[in-house]
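# pasted the sequence and its predicted model underneath.
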Amino acid sequence: MSALDSWGVYLVAAAALVLMLSPSLAATAKASREGADLRYLEGVRAVLASLRPGVGVEFSFGGWPPSDPITMDGNALTCSYGGGALELNSSRALPGMTLYPGVLYLAQLSSGAVEVTRVG
């Protein structure tokens, strides 16, 4: 068997292995992303719940791999990802807006409702 034939067999076997493992790898990546998004969602909810009158809090979220945006509306925080959506309830009234990863925001209370503005 020539060296070229050996490389051909090797490449075919490697491609078959990748094809065989792709569904497992995709499921693992999806579960990992969902877990990271849930942690970011819980963190943002905790920041907003900790607000006190007269105190502003600057915050951002996200990391590597890039996380998904968080939507606030009414009393719900929602994060949609490839496989569905995560939703957490908030103890405070929230503005209708979307928060993006890596962006700095200022959160404060105004008449019992949360106000969030982008910094910079």
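Yes, it's here. Computed from a predicted model, the values in this text were never measured in an experiment.

# tell me which other helices or strands the strand of greatest length in the chain touches.
The residue-count maximum for a strand in the chain (DSSP state E) belongs to strand 84-99. With contacts taken as 3 or more CB pairs under 8 Å, 6 or more residues apart in numbering; DSSP states H and E, strand 84-99 sits against helix 3-49, strand 70-81, strand 113-118. (C-beta placed from N, C-alpha, C; glycine too.)

# adding mean pLDDT, distance to residue 97 and mean neighbour count, write the ones you listed out as a markdown table.
Output for the helices and strands packed on strand 84-99, formatted as a markdown table (pLDDT from 0 to 100; distance: least, CB to CB, whole Å; neighbours: other CB atoms under 10 Å):
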| stretch | mean pLDDT | distance to residue 97 | mean neighbour count |
| --- | --- | --- | --- |
| helix 3-49 | 78 | 12 | 12 |
| strand 70-81 | 91 | 6 | 17 |
| strand 113-118 | 93 | 6 | 14 |
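
# could you dump these to a markdown table with distance to residue 92?
Formatted as a markdown table, those follow (distance: least, CB to CB, whole Å):
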| stretch | distance to residue 92 |
| --- | --- |
| helix 3-49 | 6 |
| strand 70-81 | 7 |
| strand 113-118 | 5 |
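
# now do the same contact list for residue 90.
Residues in contact with residue 90 (CB atoms under 8 Å, 6 or more residues apart in numbering) are 45, 48-49, 72, 75-77, 114.

# which one of these is nearest residue 106?
Nearest to residue 106, judged by CB to CB, of these is residue 114 at 11.0 Å.

# who's in contact with that closest one?
48, 51, 72, 90, 92-95, 107-108.
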